[in-house]
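> Sharing a sequence plus its predicted fold:
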Amino acid sequence: MKRNTLKLFALILCVVIVSSLFSACKLTDPSEENLADKLFGLKIVMSSKNVDITMYDFLQSFNNNDYYQYYMYGLISQDDYLNMIVNDMSTFMYLVNAAYDEGFELTAEENEEINKSVSDQFERLLARYETQVTDTSADKRAEALKLFEADIASYGVDYNSAVELTVKSMCMYKIAEKYYNSITESIEVCDEEVEQYYKDRFTDEKKNTVSDFSELLRAYYSGNSPYPVHVPEDCFSVNHLYLELENEAEDEQNPVYNKDSRKDVEEQIEAKLPETDGFDGFMELVAEFGEDPGMTYDGYRENGYVIHPSMDDYYFPGFVYAAMNLHDGEWTPAEDADYEIPELNYFELKDGTKVVKVYTKSGVHYIILNKEYTKGKVEYEKGDEKWLSWKNAAISSVSEKRFEELFDSWKEKYEINTDLDAIKAIIFKDDGGEPAVG
């Protein structure tokens, strides 16, 4: 059972309402003889006991899979990529089939919410098409609808059928989600299983570098991974107030940043620093002036950016140099460091905390120390956020095994009939299998 199946199909459903999708990839011209029916998107190409997949559904997955670019560049063969999409759709169909057989259905409120959501999104999409209508005397909504339908014609649907199919697909997704949650919510793990998960992971993470540790923290902040269990070397973290310098070059590919372009804001910040009360006060300045999106996330605000000499080329050139000098008092980069040593300016906050200012290529940074990380096992208390992240990961591990068992039974129970000939006739030209997209 693929653990990302629901996320995959959720993406498929959401992409349908993005206007750029319909103009990004054109399929075989629906006016050709082998596609006499212009609403070929309504054709059922995968069928099973409770669930059918239309050509339109299939095309959404085909054109929006993470590996689509690999396929377009010839790194994945036509047949292999097609089989990948069939497998993805089949996995979802098994889950939905089981959900229906287990009696899961939507409430009237849920159906109403889905219908309203789809209607609102398509209305917003049509409003964007209205901006493309240049004829001032025209009925803008009618002309926008024509433009929209001209784009989605390459997907074998018109406006009404696109709305209908999107509602149907979202309903299937919601039912599958309810069934999925009912299974995972019933799974529990004991404290000993969490401890074992911690120990197993510690063995693996002992091989990690500091940048690996940093990436694991990044994944934890975004909710995609549990908290790391091992710190590979003594390192620390910093927070910063970042201002982006203005680019004066006409060619965006070769920027020329004006070091003096933010002087007015720098002066405001530096006037406030002496009266700023410690780390918390500094973070208030970050909220007021800072332009780094990372500092708006709770994870980064609380834990900062990991710093270690081995990461000297991991951030903006000069950033680690400034942080290391703030932390150690004096630090010299390796002889092969590929950047000019920047000038550092120091400021002292009201409580004596130091802040260092450094210019990098594209911005100015005011950096403050955050956390110290001691090499070895990550300390925790049972029930804290770190522990709970490991508990959730242990539950996911058990869930995955449970779904693998269920998936095997679903494959035996639900037969899926796939019309590959119809799929290939629509997606590929009849000239040696050359892709008809792009």
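Arrived safely, thanks for sending. Numbering: from 1, shown residues only.

> Between its first and last residues, how far does stretch 127-138 reach?
End-to-end span of stretch 127-138 (CA to CA, to the nearest Å): 15 Å.

> What ranges does the chain have for its strands?
In the chain, the strands defined using DSSP state E lie at 44-47, 52-54, 230-231, 235-244, 246-247, 257-258, 305-307, 344-348, 354-359, 363-373, 376-377, 417-418.

> Adjacent strands (with direction) for the longest one?
According to DSSP bridges, the neighbouring strands of strand 363-373, each with its direction, are strand 235-244 (antiparallel), strand 354-359 (antiparallel).

> how about those in TSV, adding mean neighbour count?
Backbone N, C-alpha and C define where each C-beta goes, glycine included. Formatted as TSV, these follow (neighbours: other CB atoms under 10 Å):
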stretch	mean neighbour count
strand 235-244	22
strand 354-359	21
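
> Which one of the ones you listed lies nearest to residue 109?
Closest approach to residue 109 among the strands paired with strand 363-373 is made by strand 235-244 (43.2 Å; CB to CB).

> Restricting to C-alpha, output the closest one in PDB.
Extracted in PDB, the C-alpha atoms of strand 235-244 (Å, rounded to 0.1, in the frame of the first residue of the first chain):
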ATOM      1  CA  CYS A 235      26.300  22.600  16.600                       C
ATOM      2  CA  PHE A 236      24.100  25.500  17.400                       C
ATOM      3  CA  SER A 237      21.300  27.500  15.700                       C
ATOM      4  CA  VAL A 238      20.600  31.100  15.000                       C
ATOM      5  CA  ASN A 239      17.600  33.200  14.000                       C
ATOM      6  CA  HIS A 240      17.900  36.300  11.800                       C
ATOM      7  CA  LEU A 241      16.200  39.400  10.600                       C
ATOM      8  CA  TYR A 242      16.600  39.500   6.900                       C
ATOM      9  CA  LEU A 243      16.100  42.400   4.400                       C
ATOM     10  CA  GLU A 244      16.300  41.700   0.700                       C
END
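
> any idea which helix is longest in this protein?
In the chain, assigned by DSSP state H, the helix with the most residues is helix 385-413.

> That one packs against which elements?
Helix 385-413 sits against helix 78-101, helix 159-184, helix 191-205, with contacts defined as 3 or more CB pairs under 8 Å, 6 or more residues apart in numbering; DSSP states H and E.

> for the second one, packing partners?
Where contact means 3+ CB pairs under 8 Å, 6+ apart, helix 159-184 is packed against helix 5-15, helix 55-64, helix 78-101, helix 108-130, helix 140-152, helix 385-413.

> who wins for proximity to residue 213 among those helices?
With CB to CB as the measure, helix 385-413 is the member of these nearest residue 213 (13.8 Å).
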